[in-house]
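Student: Quick one, what's the 3D model for this:
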Amino acid sequence: MPETKTDADKPPAPSPEEARSGLDAEPPEILHRSPIEAPDRYSTKSMDRAANAHLARFTLGVSPYGLISTGVTWWTHLSGSPGKQLQLVEKATRKAMRLAVHAGELARHPDAPPCIEPLPHDHRFEHENWHQWPHNLIYQGFLLTQQWWYNAASDIEGLSDREEQVVSFISRQLLDLISPSNFVFTNPEVAATTMHEGGANLVRGYQNFLEDWERAISGELPVGTEEYLPGQAVAVTPGKVVFRNRLLELIQYAPQTKKVKAEPILIVPAWIMKYYILDLSPDNSLVKYLVAQGFTVFMVSWRNPTAEDRDKGMVDYFDAVAEAIDAVTAIVPDQKIHGIGYCLGGTLMAAKAAQMARDDDDRLATLTLFATQTDFEDPGELQLFVSESEVAFLEDMMWDQGYLDTKQMASAFQLLRSADLIWSRYVHEYLMGRRQEMFDLMAWNADATRMPYRMQSEYLRKIFLGNELAEGKYLLYGSPITVGEIDVPIFCVSTLSDHVAPWQSVYKIHLLADTQVTFVLTNGGHNAGIVSEPGHQGREFRIKSTGADQPYLAPEDWQATADQQEGSWWPALVAWLSERSSGEIAPPKMGAAKGPYRPIEDAPGTYVFQL
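Tutor: Residues are numbered from 1 along each chain as shown. This next block holds a predicted model:
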């Protein structure tokens, strides 16, 4: 009979401090092991992990197993669907006839309109030479083939929506690889340039390739980023580092007005990148803009973790933000805080605000979220890279190196928009031999950070895959939290072209929060839509407030009824925060005269320079 344990045999309960710091929690590999799993006598689990970690170096962290499995599932279901097969044969025949008819029209009328138009975001075939024979027929045939493969991946009985999206994604990547725009003789613009320059463009392109390769293998940032170094061209808003712990530095920015709003602002950016996207060049720095409008602004600058931080978990990041809040409270006493979070930092701040409300901590005055998801049921195209297979593969890779590397993260985001981020650059820089001009946002985008093993595993499994925050299952400091507990007004900004946090997913904050939500939908992408300073050409946004007791509107209905305004949404944020401020006071001192919050050094601090 199995031995029965008594209370005396049980390990002692962790102290509150241990529970809060997460030191009593088991590492991910133990948490995910079956309770009845026998000890691994021959370390076969470690062997599997080592093999996958080695493979991940060649696949840039993308699991081939999940993709192959989905491909086999698609092929199996398609093989058992004779009706779908007949439909695809019919579509292929009709498209071939359509292309043949179009070829005849071009023979009679060279200026005949195309038989198929590229998608609105596809700019590969815009050059005028694509409308000349034979290139007009070549790219039309490619677009028809691309359309056929979309049909082949869609509407197959037995496949889930996600599986269809994965198959469509794989086929799109393979087609982008062989696009006629990627080859010298089938790209009329490249061919004409090569003839005109006698191949000098290809020589320059080869030199560009070698330079990029050397920088990549040596760990250097891309060409041109040296012109946008933090503290010199970007991240130059004056301030002081007033607090530092293992995971973050807290920057307090110097006041620029004689009076400031009583409530300070604390900004928590995503820890996947450096903080200064919100403090880029002086003309597009949100921090500089807020300070100039009379706000006391604090910013979190995240540390770039190493293998030594492999066991830092989500609770450690919550603790770090809690310490930052304590610091702001000490420097600006007796005042509440306007909390702002961006992307992952927004998800963290939303969870932190829920925990504070649960524990009767009323130090927040408002909560502002930039491009932030709190419900991950439908996270958009990013879900193609976050499946059980992919997470397990990433865990093996992180188990080996202790973190998720910047290049391994960047590859997934680039594949989502491979035509623009990979192949367009390949054509312009390597075939045309023309370097793309660097600018501040592009330089920032190349300055990524690593992700600790345990934190990334917990985030992907609990918040992304498990959607525990939206479902009220996420445990923080021993008890579950829910977004519905947030009791302060929310200002939520989303962007129309966001591939990371689709606006319909961000909009679900209306379903989760039981407080007033002011929602802003602006044009632009995940980053460019947020960096939307006044005077930025072509900017527009919609805005609408929904009270806690008002009925829910579907996203499309909200979009149809929200007020549309031209220009930047930044002034709307300032007006919203000002309405919820209690008045003006003299600017607080920079840090504290003594104690743990004395100024340490000038902004942008030390952590931002870590490679």
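Student: who does the host helix or strand of Leu367 pair up with?
Tutor: For Leu367, the host element (DSSP states H and E) is strand 364-370. With DSSP bridges as the test, strand 364-370 is paired with strand 337-342 (parallel), strand 490-495 (parallel).
Student: Which SSE is immediately downstream of that strand?
Tutor: In N-to-C order, the element after strand 364-370 by DSSP H and E is helix 388-401.
Student: Just checking: what are the partner strands of the very next helix or strand once past that next one?
Tutor: Following helix 388-401 in sequence order, the next helix or strand is strand 403-404 (DSSP H and E). Paired neighbours of strand 403-404 in the sheet (DSSP bridges): strand 451-452 (antiparallel).
Student: tell me the mean pLDDT for the partner strand?
Tutor: Averaged over strand 451-452, pLDDT sits at 92.
Student: Give me the helices and strands touching whatever helix or strand comes next after it, please.
Tutor: Sequence order places helix 453-458 as the next helix or strand after strand 451-452, per DSSP H and E. If you count contacts as 3 or more C-beta pairs under 8 Å, 6 or more residues apart in numbering; DSSP states H and E, helix 453-458 packs onto helix 28-31, helix 314-331, helix 388-401, strand 403-404. Placement of C-beta: from N, CA and C, glycine included.
Student: now the angle from the strand holding Leu367 to helix 314-331?
Tutor: 130 degrees (axes from the mean of the first three to the mean of the last three C-alpha atoms, to 10 degrees).
Student: contacts for strand 364-370?
Tutor: Residues from elsewhere that reach strand 364-370 (C-beta atoms under 8 Å, 6 or more residues apart in numbering): 263, 336-343, 346, 349-350, 353, 356, 486, 488-493, 506, 509, 530, 573, 576-577, 580-581.
Student: please redo it, this time with the cut-off set to 6 Å
Tutor: For strand 364-370, contacts defined as C-beta atoms under 6 Å, 6 or more residues apart in numbering pick out 263, 336-342, 346, 353, 488-493, 530, 580.
Student: Likewise for stretch 229-236?
Tutor: 228, 276, 279-281, 440, 604, 608.
Student: With secondary structure, pLDDT and neighbour count as extra columns, can I get those in a markdown table?
Tutor: Listed next are the contacts of stretch 229-236 as a markdown table, based on DSSP: H, G, I helix; E, B strand; the rest coil; pLDDT from 0 to 100; neighbours: other C-beta atoms under 10 Å:
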| residue | secondary structure | pLDDT | neighbour count |
| --- | --- | --- | --- |
| Tyr228 | helix | 94 | 23 |
| Tyr276 | helix | 96 | 28 |
| Asp279 | coil | 97 | 32 |
| Leu280 | coil | 95 | 26 |
| Ser281 | coil | 95 | 18 |
| Asp440 | helix | 93 | 21 |
| Pro604 | coil | 97 | 26 |
| Val608 | helix | 96 | 24 |
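Student: Counting residues, name the longest helix you see in the protein.
Tutor: helix 82-108 (DSSP state H).
Student: Give the buried residues for it.
Tutor: 84, 88, 95, 99, 102-103, 106 (16 or more other C-beta atoms under 10 Å).
Student: So what's the residue count around Asp311?
Tutor: 16 (other C-beta atoms under 10 Å).
Student: swap in Gly198?
Tutor: The burial count for Gly198: 9, using other C-beta under 10 Å.
Student: Can you read off the pLDDT for the one residue sitting closest to the centre of the chain?
Tutor: Taking C-alpha atoms, centre = their mean, the centroid of the chain lies closest to Val500, which sits 4.6 Å from it. For Val500, the pLDDT comes out at 86.
Student: Helix, strand, or coil at the spatially closest residue to it that is not a sequence neighbour?
Tutor: Nearest residue to Val500 in three dimensions, chain neighbours excluded: His526, at 4.5 Å (C-beta to C-beta, 6 or more residues apart in numbering). The three-state assignment at His526 reads coil, by DSSP: H, G, I helix; E, B strand; the rest coil.
Student: Over to Gly158?
Tutor: Secondary structure assignment for Gly158 (three-state DSSP): coil.
Student: Surely it touches Trp75?
Tutor: No: counting by C-beta atoms under 6 Å, Gly158 stays clear of Trp75, with 11.7 Å between them.
Student: Can you tell me how far Lys508 is from Glu468?
Tutor: 15 Å (C-beta to C-beta, to the nearest Å).
Student: What's the mean pLDDT across the helix or strand that contains Asp212?
Tutor: Element membership of Asp212 [criterion: DSSP H and E] is helix 200-218. Per-residue pLDDT over helix 200-218 has a mean of 92.
Student: starting at the chain centroid, how far to that helix?
Tutor: In terms of C-alpha atoms, centre = their mean, to the nearest Å, the centre of helix 200-218 is set 28 Å apart from its chain centre.
Student: Quick check: next helix or strand after it?
Tutor: Where DSSP H and E defines the elements, the next helix or strand beyond helix 200-218 is strand 239-244.
Student: Skip ahead from that following strand and say which helix or strand is next.
Tutor: strand 248-253.
Student: Strand partners (parallel or antiparallel) of that following strand?
Tutor: When DSSP bridges is applied, strand 248-253 pairs with strand 239-244 (antiparallel), strand 297-302 (antiparallel).
Student: For the first one, which outside residues touch it?
Tutor: Residues outside strand 239-244 that contact it (C-beta under 6 Å, 6+ apart): 249-254, 327, 590-591, 597, 599-601, 603, 605.
Student: Centre of the chain to that strand, how far?
Tutor: 27 Å.
Student: Where does pLDDT dip in the stretch 401-550 of the chain?
Tutor: Filtered on pLDDT under 70, the stretch 401-550 of the chain yields the residue ranges 408-417, 419.
Student: any chance you could map the helices in it?
Tutor: With DSSP state H, counting those that start in this stretch as the definition, the stretch 401-550 of the chain shows helices at residue ranges 406-416, 418, 424-425, 440-445, 453-458, 503-506, 509-512.
Student: which other helices and strands contact the third one?
Tutor: If I follow you right, that is helix 424-425. Here helix 424-425 touches no other helix or strand, going by 3 or more C-beta pairs under 6 Å, 6 or more residues apart in numbering; DSSP states H and E.
Student: centre of the chain versus it, how much separation?
Tutor: 21 Å.
Student: next one: the fourth one
Tutor: The gap between the average C-alpha position of helix 440-445 and the chain average comes to 14 Å, counting by C-alpha atoms, centre = their mean.
Student: again, but for the fifth one
Tutor: If you compare the mean C-alpha spot of helix 453-458 with that of the full chain, they lie 16 Å apart, counting by C-alpha atoms, centre = their mean.
Student: same deal with the shortest one?
Tutor: Taking the mean C-alpha point of helix 418 and that of its whole chain, the gap between them comes to 16 Å (C-alpha atoms, centre = their mean).
Student: residues making contact with that helix?
Tutor: Under C-beta under 6 Å, 6+ apart, the answer for helix 418 is Asp176.
Student: Pull the number of nearby residues for Ala586.
Tutor: 9.
Student: The closest residue to it other than its chain neighbours and Pro588, how far apart?
Tutor: Distance criterion C-beta to C-beta, 6+ apart; nearest residue to Ala586, sequence neighbours excluded, is Lys259 at 6.7 Å. Here Lys259 is placed at a distance of 12 Å from Pro588 (C-beta to C-beta).
Student: one step back: among the helices of the stretch 401-550 of the chain, which comes closest to Asp362?
Tutor: helix 509-512 (20.3 Å; C-beta to C-beta).
Student: ok, residues contacting that closest one?
Tutor: In contact with helix 509-512 (C-beta under 6 Å, 6+ apart) are residues 374, 483, 492, 517, 552.
Student: Kindly recompute the last result at 7 Å.
Tutor: Residues from elsewhere that reach helix 509-512 (C-beta atoms under 7 Å, 6 or more residues apart in numbering): 374-375, 470, 483-484, 490, 492, 517, 546, 552.
Student: From these, list the buried ones, please.
Tutor: Applying 16+ other C-beta under 10 Å to the contacts of helix 509-512 flags 374-375, 470, 483, 490, 492, 517, 546 as buried.
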